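In: Coordinates only, no sequence provided:
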Ligand SMILES: Nc1ncnc2c1ncn2[C@@H]1O[C@H](COP(=O)(O)O)[C@@H](OP(=O)(O)O)[C@H]1O
Ligand SMILES: [Mg+2]
Ligand SMILES: [Mg+2]
Ligand SMILES: [Mg+2]
């Protein structure tokens, strides 16, 4: 029995209409009537509690991802200005990856002080603790402090380099099927951020995302995707974008509560849904920009079987899940090389953003993704995402293509 102190639930429960007993139904004794009402009360309370119990966590996750996005935009702006630095080494990106992870960890711990904190994240501080990492660590520390000061909502003393290392290393959890674990990719689509500077019209698909999700007892219960370079307007059908398009999207989803999108600078959220098309010829599909991350041969064979006419939209990062959740395209295909093991931080947030928008995410055997097994996803060949009507067609086309070109992976 869940003992709730959230009084908001009680009025709902007392307003439960008393079941109507017509003379055709066997009369139930007062005791079992009380018992059945207790079961209804508990069920309503648990479902209300469970959907309500993640509100604080979702608010904290949105704040953390938005702040980390601001830090990344600052780095990307610097990249766009300093040719030499961007050409000579990857350190600017490293600064953003580490800075984003430190900032997300800092915000979550401050916004949710009473919770036990477990974070499964991509980066660790190993390289920063070496002599060669000191200059980068200094830049990260300055960048994180500047972002916190500009935000103005935390009154904290300036964070030290030691604080940075500790914040980055709080991401060492392995997750798993018990308890609560945050799952973070501080910059998903690193290449999308780094190479963005090479194309002034963003044709490279230079997308990246700060991807943050919460696992509770092995299930993804909320997810946030901050996509600083994703236009608010649809990117479907390879519409070219001018640099005047408004960019910067924040997608967020909570189990049972749908998926919403707002601009990164905080416009009011709109509810989004995946494409409802059941005609695969109309469908367009997303895939990795990097052929090394997903077999483009296999996906084009699948597309041909489905009669898809539109060319693939190839962009970096989980921004693809965000674009799918709002119906910019109907299908997402990902077929890494044989032996590659997908990490949970590359898909947890994107997965719930699509499923809460009415989509389905599965592996090539049609199994849902299982995030409860630690840092890795055990998959049967690749990841597919689409709507419920197209999924059976897609699975069939995938199976046939895998049989025809087994060497594609
Ligand atoms: N050989 C490979 N196959 C599949 N995914 C890979 C890969 N090498 C790296 N990746 C992952 O692909 C992610 C980017 O996804 P996408 O291909 O959709 O842009 C990278 O995330 P990071 O950029 O966070 O490292 C990385 O984890
Ligand atoms: Mg990633
Ligand atoms: Mg990453
Ligand atoms: Mg990486």
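Out: Noted; the coordinates are in hand. It should be emphasised that the depicted structure is a prediction, and the values quoted were computed from it without experimental measurement. Ligands and ions are numbered 1, 2, ... in the order given.
In: how deep is residue 258 tucked in, by neighbour count?
Out: Neighbour count of residue 258, defined by other CB atoms under 10 Å: 15. For glycine as for every other residue, the C-beta is placed from the backbone atoms N, C-alpha and C.
In: Now for it: which residues touch it?
Out: Contact analysis of residue 258 by CB atoms under 8 Å, 6 or more residues apart in numbering lists 271, 356-357.
In: With residue 310 as the reference, measure out to the closest residue to ligand 1 within the stretch 51-200 of the chain.
Out: Per CB to the nearest ligand atom, residue 190 is where the stretch 51-200 of the chain lies closest to ligand 1, at 3.8 Å. Residue 190 sits 28 Å away from residue 310, taking CB to CB, to the nearest Å as the criterion.
In: Who has more neighbours out of the two?
Out: For residue 190 versus residue 310, neighbours defined as other CB under 10 Å are more numerous around residue 190 (19 against 16).
In: which other helices and strands contact the longest strand belonging to the chain?
Out: Taking DSSP state E as the criterion, the chain has its longest strand at strand 219-231. In terms of contacts (3 or more CB pairs under 8 Å, 6 or more residues apart in numbering; DSSP states H and E), strand 219-231 is packed against helix 55-81, strand 209-216, strand 247-254, helix 319-325, helix 348-355.
In: near ligand 1 at all, the second one?
Out: No: contact between strand 209-216 and ligand 1, assessed by CB under 6 Å from any ligand atom, is absent, since the two come no nearer than 8.2 Å.
In: and that strand, how far from the chain's centre?
Out: 5 Å (CA atoms, centre = their mean, to the nearest Å).
In: This structure against ligand 1: which residues are in contact?
Out: Checking the chain against ligand 1 by CB under 6 Å from any ligand atom, the hits are 122, 185, 187-190, 288, 290, 292-293, 316-317, 336-337, 340, 343, 346.
In: Among the residues you listed, which are located in strands?
Out: Filtering those for strands - DSSP E - leaves 185, 187-188.
In: filter those residues by proximity to ligand 2?
Out: Applying CB under 5 Å from the ion to these, one finds that 185, 188 fall near ligand 2.
In: neighbour-wise, which of the ones in strands among the residues of the chain next to ligand 1 leads?
Out: residue 185 (32 neighbours).
In: Can you verify my assumption that that residue contacts residue 210?
Out: Yes: with contact defined as CB atoms under 8 Å, residue 185 and residue 210 form a contacting pair (7.4 Å).
In: Residue of the stretch 101-250 of the chain closest to ligand 2, please.
Out: residue 188 (3.6 Å; CB to the ion).
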